[in-house]
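> predicted model and sequence below, questions to follow.
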Amino acid sequence: MKQMSHIDDIPSSPGKYKSPYGHRIRWHSSYAKLTFWSFVFLALMFIFFFRSTSSSSLGSSSDLSRRSLRTFSWGGPAWEKRVRNSARIRSPNGISVLVTGAAGFVGTHVSAALRRRGDGVLGLDNFNDYYDPALKRARQAVLERSGIFIVEGDINDMVLVNKLFEVVAFTHVMHLAAQAGVRYAMQNPASYVHSNIAGFVSMLEVCKSANPQPAIVWASSSSVYGLNTKVPFSEKDRTDQPASLYAATKKAGEEIAHTYNHIYGLSLTALRFFTVYGPWGRPDMAYFFFTKDILEGKSIPIFEAANHGTVARDFTYIDDIVKGCLAALDTAEKSTGSGGKKKGAAQLRVFNLGNTSPVPVSNLVSILERLLKVKAKRSVMKLPRNGDVQFTHANISAAHKELGYTPSTDLQTGLKKFVRWYLSYYGNGKKSDQ
Ligand SMILES: O=C(O)[C@H]1O[C@H](OP(=O)(O)OP(=O)(O)OC[C@H]2O[C@@H](n3ccc(=O)[nH]c3=O)[C@H](O)[C@@H]2O)[C@H](O)[C@@H](O)[C@H]1O
């Protein structure tokens, strides 16, 4: 016991320590070594135990831990050459954009549109399994055909993201990587904190230190309007009563954006997307799995509010969203800081990107029935209290004025394009197993 307390007393700079028991240390050096290594072993065991209990305390976060423990291989001259090539600007006034979440629904469409007009595009995506990764791989293949490389990695991996900025001086970041879905937040809350908060902060940390700093446009959400009842939703309205953890993390993102703009002079634009749909969409969204289930003859749950109240969404077609994203990139002013130091006030914006015409979910189903030529088995049920809000409706006057944003696709026209894509991609429901 004496030796134990003595070893514990040794300060961090042992060279300066005048031990009254110096001779005993020499005499018992092998014993001291053994005690030291036992201590190290116990400390490691403690850390391991603490990590495993803390992750399990977040409930069903096993998916998340599996995902974050995934390692990606990157680096080397051939990899750097691919990165540089993909990000190379091909037109006179082009920009060079790092698109996070490039294998996602909106990310794929935005990347392809940027490349079509000659901008440099590099993708970053972790290909997680929130929904069928095969669909993400298929989108990746589409982008690869137009020369866009998607780096496989997580936005939380700051070493990787820093490396990307070392290889390419991106003028812009289109940050679309996120944990999406309002209802899934109750099953896997940790994944929302991991991607939408920690991941966003990691990206901003790298961006603020980059030289030059890029301008950042990123995906917020209509869900930040939460339980508001005044319609249409305006950017000036309150956003402090979110109905889901998803919404809360997007709202937190907007506050975090304010901080990085204020301290580091980063130019930041948040786009509040309103229920985006279209070809190559997300299988977790209602219009997508309704299509699958209608074709397979399964019943579909249609939510209604109290007293048979209508549940409606301001469904927005992907091509309109892409135009809004590109306009936000084109009108983004430069960040004012460099290498982590602010040099002056920078732009900070928030825009609604919606369609301005909410449609009841039951009408969405009627349109799908007509397009698929199949009668749906409707099962009407009460809107569950798991994150959903009753309606959304965007006021888009700010985006119209500043971005020239004018959505032009109604739900009938947009769903027609979606159904055409769905049938060509999956066939009549046969290939659609998620
Ligand atoms: O604007 C956003 O920011 C968000 O849009 C999207 O959320 P939502 O508008 O909730 O879309 P989605 O799930 O397709 O439900 C559509 C409608 O079907 C109703 N709905 C849903 C499921 C069901 O089983 N039955 C049903 O009636 C449901 O009540 C709703 O009225 C994105 O997923 C989200 O990531 C985020 O980007």
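Thanks, I have it. Because the structure is a prediction, the values reported are computed rather than measured.
> next, name the residue at the spatial heart of the chain.
The centroid of the chain falls nearest to Ala178 when counting by C-alpha atoms, centre = their mean (1.3 Å).
> right, and that residue touches Ser220 too?
No: counting by C-beta atoms under 8 Å, Ala178 stays clear of Ser220, with 9.5 Å between them. C-betas here are computed from N, CA, C, even on glycine.
> show me the contacts for the residue nearest to the centre of the chain.
With contact set as C-beta atoms under 8 Å, 6 or more residues apart in numbering, Ala178 has these partners: Gly101, Ser195, Asn196, Gly199, Ala219.
> can you check the pLDDT for the first one?
Put plainly, it is Gly101. Model confidence at Gly101, given as pLDDT, is 98.
> give the burial count for it, as a bare number.
28 (other C-beta atoms under 10 Å).
> look up phi and psi at it.
With angles defined as degrees, to the nearest 10, Gly101 sits at phi 70, psi 30.
> before we move on, back to that, wait, which of the contacts of Ala178 is closest to the ligand?
Ala219 (7.8 Å; C-beta to the nearest ligand atom).
> ok but that closest one is inside a strand, no?
Yes: assessed by DSSP: H, G, I helix; E, B strand; the rest coil, Ala219 belongs to a strand.
> most widely separated two among the contacts of Ala178?
Taking C-beta to C-beta as the measure, the contacts of Ala178 span a maximum distance of 12.1 Å, between Gly199 and Ala219.
> ok, these two, which is more surrounded?
Legend: neighbour count by other C-beta under 10 Å for Gly199 and Ala219, higher for Ala219 (27 against 24).
> residues touching the more buried one, list them.
Gly101, Val106, His175, Leu176, Ala178, Ala270, Leu271, Phe273.
> so how many other residues sit close to the closest residue to Arg313 other than its chain neighbours?
Nearest residue to Arg313, sequence neighbours excluded (C-beta to C-beta, 6 or more residues apart in numbering): Thr275, at 4.4 Å. Burial measure for Thr275: 22 neighbouring residues, criterion other C-beta under 10 Å.
> could you do the one 3 residues further on as well?
Other residues within reach of Gly278, judged by other C-beta under 10 Å, total 24.
> around the ligand, pick out the residues from the stretch 301-434 of the chain.
Taking C-beta under 6 Å from any ligand atom as the measure of proximity, the stretch 301-434 of the chain contacts the ligand at Pro301, Ile302, Phe303, Val311, Arg313, Val361, Asp388.
> just the buried members of those?
Buried members of those, scored by 16 or more other C-beta atoms under 10 Å, are Ile302, Phe303, Val311, Arg313, Val361, Asp388.
> quick one: least confident helix or strand in this structure?
Least confident helix or strand, the chain: helix 2-9 with a mean of 33, by mean pLDDT, DSSP states H and E.
> what about the strands in the stretch 151-300 of the chain?
172-175, 215-221, 268-273, 276-277, 299-304 (DSSP state E, counting those that start in this stretch).
> what is the rounded mean pLDDT of the shortest one?
It refers to strand 276-277. 98.
> one more: the third one?
Over the span of strand 268-273, the pLDDT mean works out to 99.
> try stretch 70-85
92.
> can you list contacts of that stretch?
122, 126, 147, 149, 151-154, 157, 160, 163-164, 167-168.
> who's the residue of the stretch 301-434 of the chain found nearest the ligand bridged to?
Residue of the stretch 301-434 of the chain nearest the ligand, by C-beta to the nearest ligand atom: Phe303 (3.6 Å). Applying DSSP bridges to Phe303 gives these bridge partners: Met381.
> could you do the one 10 residues further on as well?
On the basis of DSSP bridges, Arg313 takes part in beta bridges with Val359.
> correct me, but it touches Asn355?
No: applying C-beta under 8 Å, one finds Arg313 not in contact with Asn355, separated by 9.2 Å.
> now for those two: what residues contact both?
In contact with both Arg313 and Asn355: Phe274, using C-beta under 8 Å, 6+ apart.
> if I read this right, Ser267 contacts Gly337, doesn't it?
No: using C-beta under 8 Å, Ser267 makes no contact with Gly337, being 9.5 Å away.
> okay, these two: which has more neighbours?
Neighbours per residue, other C-beta under 10 Å: of Ser267 and Gly337, the larger number sits with Gly337, 25 against 22.
> okay, the more buried one: pLDDT?
For Gly337, pLDDT reads 91.
> try Leu34
54.
> also the one 4 residues further on?
The confidence metric pLDDT takes the value 60 at Ser38.
> and for the one 4 residues further on?
Leu42 is assigned 54 on the pLDDT scale.
> can you check the one 4 residues further on too?
On the pLDDT scale, Phe46 is placed at 45.
> one more: Arg24?
On the pLDDT scale, Arg24 gets 39.
> now stretch 215-232: buried residues?
Buried, per 16+ other C-beta under 10 Å, within stretch 215-232: 215-226, 228, 232.
> pLDDT below threshold where in the chain?
1-69, 429-434 (pLDDT under 70).
> how about the helices of the stretch 1-150 of the chain, start to end?
2-9, 22-27, 29-56, 62-69, 77-87, 105-116, 133-145 (DSSP state H, counting those that start in this stretch).
> find the nearest non-adjacent residue to Glu333, please.
Gln347 (4.3 Å).
> that neighbour against Leu266, yeah?
No: if you go by C-beta under 8 Å, Gln347 and Leu266 don't touch, sitting 9.2 Å apart.
> higher neighbour count, those two?
Leu266 (26 against 17).
> for the more buried one, give me its contacts.
Leu204, Cys207, Lys208, Gln213, Ala215, Ile216, Tyr260, Ser335, Gly337, Ala346.
> residues contacting the fourth one?
Contacts for Gln213 were tallied using C-beta under 8 Å, 6+ apart; they are Cys207, Tyr264, Gly265, Leu266, Ser267, Lys334, Ser335, Thr336, Gly337, Ser338.
> equivalent analysis for the last one, please.
Contacts here follow C-beta under 8 Å, 6+ apart; on that basis Ala346 touches Asn261, Gly265, Leu266, Ser267, Leu268, Glu333, Lys334, Ser335, Thr336, Gly337.
> which of these fall within helices?
Asn261 (DSSP state H).
> could you pick out the buried ones from the contacts of Ala346?
Asn261, Gly265, Leu266, Ser267, Leu268, Ser335, Thr336, Gly337.
> the closest residue to the first one other than its chain neighbours: how many residues sit nearby?
Meaning Asn261. Nearest non-adjacent residue to Asn261, counting by C-beta to C-beta, 6+ apart: Leu348, 4.3 Å away. Counted with other C-beta under 10 Å, residues neighbouring Leu348 total 16.
> again with Asn211
11.
> who's in contact with it?
Ser338, Gly339.
> same question for the one 4 residues further on.
Shown here is Ala215, whose contacts under the criterion C-beta under 8 Å, 6+ apart are 171-173, 266-269, 329, 332-335, 347.
> pull up the residues of the stretch 151-300 of the chain that are close to the ligand.
So the stretch 151-300 of the chain meets the ligand at Ala180, Gly181, Val182, Ser221, Ser222, Ser223, Phe273, Phe274, Thr275, Met285, Ala286 (C-beta under 6 Å from any ligand atom).
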